[in-house]
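Visitor: With the sequence up front, the predicted model follows.
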Amino acid sequence: MATKEQPQPTNVAQPEMPMQPNAYQAYPQYAYEDPNKGKAKMLTLEYALAMGSAIVSIMLLIDIITKVFGLWTNSTSMLLRSVGGFFAPSMVTQGTGIIAASVFAVLLAVLSLVLFSRVSKAVPEREGYTKRTAYKLVTYGGLAVLIIPAVDLVARLVSIFINSLLFIGVGDGGEFYKSLYLGEFLPYALALAIVATSAYFICQIVKGRNMSKALSLMLIVASSVVLLTGAITIAVKAHDTGSSVKTIPSDYSPLKNYQDYSM
């Protein structure tokens, strides 16, 4: 019986594929990152600026709070040009002093936050820096500066309490107590709270705990609230009085009408 031959596979020439050139393998690119980015370059100077900015912001807040409450109790004139203090900006147009000082306080608080952040990143790399005289001088100096306004505010609060006892039973004492407690006691108490909180944070820094960020954030929040409150207060008072905004003549003497234009 004849067997059926199986078909044999035929070798078919396959078309040659063109050779692909070897793709160029680029070397991996590594972005150079400055290891000192965001760190203080002049450590002591930036630390001193950070502490100084925080202290000046606190001093401005003390005066601004007093002036804002004074507007509500009519013990502060709307002609106020600037808030008292050496660092407060001097304005020409009436009613702009509180806003200018508030903005200045906010900017100083933000500046202290940025500088404290840079210092905090650089200090761990400087072994023994917190034991140096320059660091201690700035830290203890900031704490010492806050003692003076704290004692002054405590003395004012105690004097208000004593004065309130002296006027017990006096006829028509309602306005007196309103001015005494709403115009003086309450703003002094709030200012003392800010000073005491700031002093607490600096004390923690002295003890080795980095509370600089908390200090700056507290000042940013406080100054922002005071700025908003001051703006609303001035707007309300200006519309209530209906007085037009005037500019002070260039030949104005600070000794003239001192009560209207000074603290």
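Guide: Structure's in. What do you need? Everything numeric in this text was worked out from a predicted model, so none of it was measured. Numbering: from 1, shown residues only.
Visitor: part of a strand, is G208?
Guide: No. G208 is assigned coil when assessed by DSSP: H, G, I helix; E, B strand; the rest coil, not a strand.
Visitor: Might you report the residue contacts of L192?
Guide: In this structure, L192 makes contact with A150, L153, V154, L157, judged by CB atoms under 8 Å, 6 or more residues apart in numbering. The way it works is simple: take the backbone N, C-alpha and C, and place the C-beta from them, glycine included.
Visitor: tell me the phi and psi of it?
Guide: The phi/psi pair for L192 (degrees, to the nearest 10) reads phi -60, psi -40.
Visitor: tell me the pLDDT at it?
Guide: L192 carries a pLDDT score of 94 in this model.
Visitor: One more: Y258?
Guide: As summarised for this prediction, Y258 has a pLDDT of 34.
Visitor: Tally up the residues packed near the nearest residue to Y177 once chain neighbours are set aside, please.
Guide: Residue nearest to Y177 in three dimensions, not counting chain neighbours: S164, with 6.6 Å by CB to CB, 6 or more residues apart in numbering. S164 has 15 neighbours, counted by other CB atoms under 10 Å.
Visitor: Please, which helix or strand holds S164?
Guide: Following DSSP states H and E, one finds S164 within helix 133-166.
Visitor: which residues of the chain fall in strands?
Guide: Read by DSSP state E, the chain holds no strands at all.
Visitor: And the helices in it?
Guide: Ranges of helices within the chain are 43-72, 97-122, 133-166, 174-177, 186-206, 212-241, 258-261, based on DSSP state H.
Visitor: what mean pLDDT does the third one have?
Guide: Here the mean pLDDT over helix 133-166 is 90, rounded to a whole number.
Visitor: what ranges of this structure fall below the confidence cut-off?
Guide: Counting by pLDDT under 70, the chain has low-confidence residues at 1-41, 75-95, 170-175, 241-263.
Visitor: sorry, back to before: doesn't K178 make contact with the residue nearest to Y177?
Guide: No. Using CB atoms under 8 Å, S164 is not in contact with K178, being 11.5 Å away.
Visitor: count of residues packed around L45?
Guide: Neighbour tally, L45, other CB under 10 Å: 14.
Visitor: How much space separates it from V151?
Guide: In this view, L45 and V151 are 30 Å apart by CB to CB, to the nearest Å.
Visitor: Ok, R118 next?
Guide: Following CB to CB, the distance that separates R118 from V151 is 33 Å.
Visitor: For the two, indicate the residue with more neighbours.
Guide: With neighbours defined as other CB under 10 Å, R118 and V151 compare such that R118 has more, 19 against 11.
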